[in-house]
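Enquirer: predicted coordinates and the sequence they were generated for:
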Amino acid sequence: MKTNGILRVVTRFLIPLIMLFALYIQFHGEYSPGGGFQAGVIFAAAWILFALVFGLDEALAVVPAGAQKVLASIGVMLYATIGVLGVVLGGQFLEFTPLIPGSPQGAQQAGIVLVELGVGITVAAVVMLIYTLFADRLRVVADLTREEID
């Protein structure tokens, strides 16, 4: 697929649109169906499309495997921090009202957006990492097979 010019051009056109749709799903998840999980999978799908068309090495140049692990951890930490912050401020875990005491509806929306952002970051990073591990494993197996043939 690396040599197919049309596929490369179409992919470069589609990836920003896919990511824009993922952002829409991410930030409108509290109003309509969708949210962090769906947006994370869509973001990861855009990266996987890039990896399929341009190669795993090019994709890892954009988002290295180490960064994927860090992003997965950051997403979980954001989710947990927002949940524990409610407890620290006198509420329950994942109760958002104490976050902004004067505006319970604003606190609810801000809390949901931040929690869904943590979920989206984690899901995107984990799906990319799973693809990376499988694709890299296939590359290692292919290299071993070539060595046996030689």
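Expert: Perfect, thanks for sending it.
Enquirer: quick check: the residue most central in space within the chain vs Leu117, distance?
Expert: The centroid of the chain falls nearest to Ala124 when counting by C-alpha atoms, centre = their mean (1.8 Å). Per C-beta to C-beta, to the nearest Å, Ala124 is found 11 Å from Leu117. Quick note: C-beta positions are derived from backbone N, CA and C, even for glycine.
Enquirer: chain neighbours aside, what residue packs nearest to Ala135?
Expert: Leu56 (5.0 Å; C-beta to C-beta, 6 or more residues apart in numbering).
Enquirer: circling back: and the pLDDT for the residue nearest to the centre of the chain?
Expert: On the pLDDT scale, Ala124 is placed at 97.
Enquirer: how about the secondary structure of the closest residue to Ala80 other than its chain neighbours?
Expert: Leaving aside its sequence neighbours, Ala80 sits nearest to Gly118 (C-beta to C-beta, 6+ apart; 8.0 Å). Classification of Gly118 using DSSP: H, G, I helix; E, B strand; the rest coil returns helix.
Enquirer: Gly118 touches Gly83, doesn't it?
Expert: No - contact criterion C-beta atoms under 8 Å: Gly118 and Gly83 do not qualify, at 9.3 Å.
Enquirer: return the helix or strand in the chain with minimum mean pLDDT.
Expert: The weakest-scoring helix or strand in the chain, judged by mean pLDDT, DSSP states H and E, is helix 104-149 (a mean of 83).
Enquirer: show me the contacts for Leu129.
Expert: Ala65, Gln68, Lys69, Ala72 (C-beta atoms under 8 Å, 6 or more residues apart in numbering).
Enquirer: and Gly111, by the same measure?
Expert: Ile82, Gly86, Leu94, Phe96, Leu99.
Enquirer: what about the closest residue to the second one other than its chain neighbours, which helix or strand?
Expert: The shortest distance from Gly86 to any residue other than its chain neighbours is 4.3 Å, reached at Glu95 (C-beta to C-beta, 6+ apart). Using DSSP states H and E, Glu95 falls within no helix or strand.
Enquirer: relative to Thr97, how far out is Val127?
Expert: When Val127 is compared with Thr97 (using C-beta to C-beta), they lie 32 Å apart.
Enquirer: now Ala59
Expert: Relative to Thr97, and taking C-beta to C-beta, Ala59 is found at 42 Å.
Enquirer: between the two, who's got more neighbours?
Expert: Ala59 (21 against 18; other C-beta atoms under 10 Å).
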